[in-house]
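Novice: quick one, structure for this:
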Amino acid sequence: MISNKTILFILIITVGLNVKSNTQNNAQKYKMVAVGFYNLENLFDTENDTLINDEEFLPQGARAWTTERYQEKSANMAYVISQIGIENVKQGLSILGVSEIENRRVLEDLVKQPAIADRKYEIIHYNSPDGRGVDVGLLYNPKHFRPLHSIAIPLMIFDEGVRRNTRDVLYIKGMMETDTLHILVNHWPSRGGGPVTVKHRNSGAKLCRNVIDSINQVVPNSKVIVMGDLNDDPTNESIKSYLRAVSNIKDVKKTGIFNPYEDMFRRGLGSNAYQDAWSLFDQVIISKGLCDKDNDGYSYFKANIFNKAFLVQPSGQYKGYPFRTFSGDKYQGGYSDHFPSYIYMIKPLDAK
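Specialist: Numbering: from 1, shown residues only. Next up is the predicted model:
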């Protein structure tokens, strides 16, 4: 069982947006907040780290990863982040989980980009054992969120008795106003290698489920968010059988975990594409504590995929796919091969 130290975090964004409920006479007013996840697709710096395999993303490497390209990539990522959620929440994301980042430095450069510099995002990051050096991390607006504790939880998976080095699961506990939230940021093992890798993602789901169960043993009905590039769709067994997420919020009492992205996936929506088929690997999954509209704090409102037109490949072989940085080995100055996913949460203005 995961120890109590390994559990706790909150997220959200404080904005003065009013949302009206369908009450008979007096419309209830709410505060709305936004929380998201984004796979930044190979956000590497240009310096050689001899401890990892980053040679592809060096000025002399296969991608000719120059300072100019790195800076353009960082600016592009910042612009996307600046736009997520602002149609309903003027101040944008309070918290953003990220993946495929090389190190803390690339996040430090990212949050200084003019598009988001005024938000003064702070960073939570740990180096992972991944062979390419790609990690997960968390950006948060300190005006909205106060972290209390964080830890990198190793995802222990093995092939023929040998540990496979992959991304840790980043756990954070923190406070938003009077709400305690727990967040698990994930980037589960890829599908490279075929069906044998299914068990690796199942291990990621089991780890998250164990953490959630441990949290709820300490404080029942806690508010937990599991986010990340799960390299599985919402209908795959890692999420359905091991994490035990349900697709209907009315059924959340059965397993305690609700996945709003399963319904989107069944309707043909996706966050990444491969061989002319859409997948929805990027998900934000929540515990029962966030589904309860009658609690004193924040609760789930709705989920989205951020797939605005500027993020879509405009032409060529991959027209309609996410507009990524490279098409094969050709640099095209796009964004990422994944769309971001995000949720809104609401809290009655008269709540404490």
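Novice: quickly note the distance from the closest residue to F44 other than its chain neighbours to Y121.
Specialist: Of all residues not flanking F44 in the chain, F57 sits nearest, at 3.7 Å (CB to CB, 6 or more residues apart in numbering). Any C-beta I mention is one placed from the backbone N, CA and C, and that applies to glycine too. Distance, F57 to Y121, using CB to CB, to the nearest Å: 23 Å.
Novice: and Q83, what does it touch?
Specialist: By CB atoms under 8 Å, 6 or more residues apart in numbering, the contact set of Q83 is G92, F306, K308.
Novice: pretty sure the residue nearest to F44 is in contact with E47, am I right?
Specialist: No: at 9.8 Å, F57 does not count as touching E47 under the criterion of CB atoms under 8 Å.
Novice: the more surrounded of these two?
Specialist: F57 (24 against 13; other CB atoms under 10 Å).
Novice: list the contacts of that one.
Specialist: N42, F44, D45, T46, R63, W65, E102.
Novice: what about these, which are in helices?
Specialist: Judged by DSSP state H, helices contain none of the contacts of F57.
Novice: got these as a markdown table, with distance to S336 columns?
Specialist: Putting the contacts of F57 into a markdown table (distance: CB to CB, whole Å) gives the following:
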| residue | distance to S336 |
| --- | --- |
| N42 | 9 |
| F44 | 13 |
| D45 | 17 |
| T46 | 19 |
| R63 | 15 |
| W65 | 16 |
| E102 | 14 |
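Novice: in CSV, list those along with distance to L139 and pLDDT.
Specialist: Formatted as CSV, those follow (distance: CB to CB, whole Å; pLDDT from 0 to 100):
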residue, distance to L139, pLDDT
N42, 18, 98
F44, 18, 98
D45, 17, 98
T46, 22, 98
R63, 25, 95
W65, 23, 98
E102, 15, 98
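Novice: columns neighbour count and distance to K302 on top of those residues, output as CSV?
Specialist: Listed next are the contacts of F57 as CSV, based on neighbours: other CB atoms under 10 Å; distance: CB to CB, whole Å:
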residue, neighbour count, distance to K302
N42, 21, 30
F44, 25, 34
D45, 19, 36
T46, 17, 40
R63, 17, 38
W65, 24, 38
E102, 23, 33
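Novice: out of these, list just those in strands.
Specialist: Counting by DSSP state E, the contacts of F57 place N42 in strands.
Novice: let me know the closest of the contacts of F57 to H338.
Specialist: N42 (11.1 Å; CB to CB).
Novice: tell me where the stretch 151-300 of the chain has strands.
Specialist: 158-159, 162-163, 169-176, 179-187, 223-229, 257-258, 272-274, 277-279, 282-287, 299-305 (DSSP state E, counting those that start in this stretch).
Novice: out of these, nearest to I86?
Specialist: strand 299-305 (12.0 Å).
Novice: if I look at the residue nearest to F44, how far off is D49?
Specialist: With CB to CB as the criterion, F57 and D49 are 10 Å apart.
Novice: give me phi/psi at F57?
Specialist: phi -110, psi 60 (degrees, to the nearest 10).
Novice: check the one 10 residues further on too.
Specialist: Note on T67: backbone dihedrals following degrees, to the nearest 10 are phi -60, psi -40.
Novice: who's in contact with it?
Specialist: Counted by CB under 8 Å, 6+ apart, T67 has contacts T46, P59.
Novice: R244 reaches R209, doesn't it?
Specialist: Yes: here R244 reaches R209: they are 6.6 Å apart, a contact under CB under 8 Å.
Novice: overlap in contacts of the two?
Specialist: Jointly contacting R244 and R209 under the rule CB under 8 Å, 6+ apart are I257.
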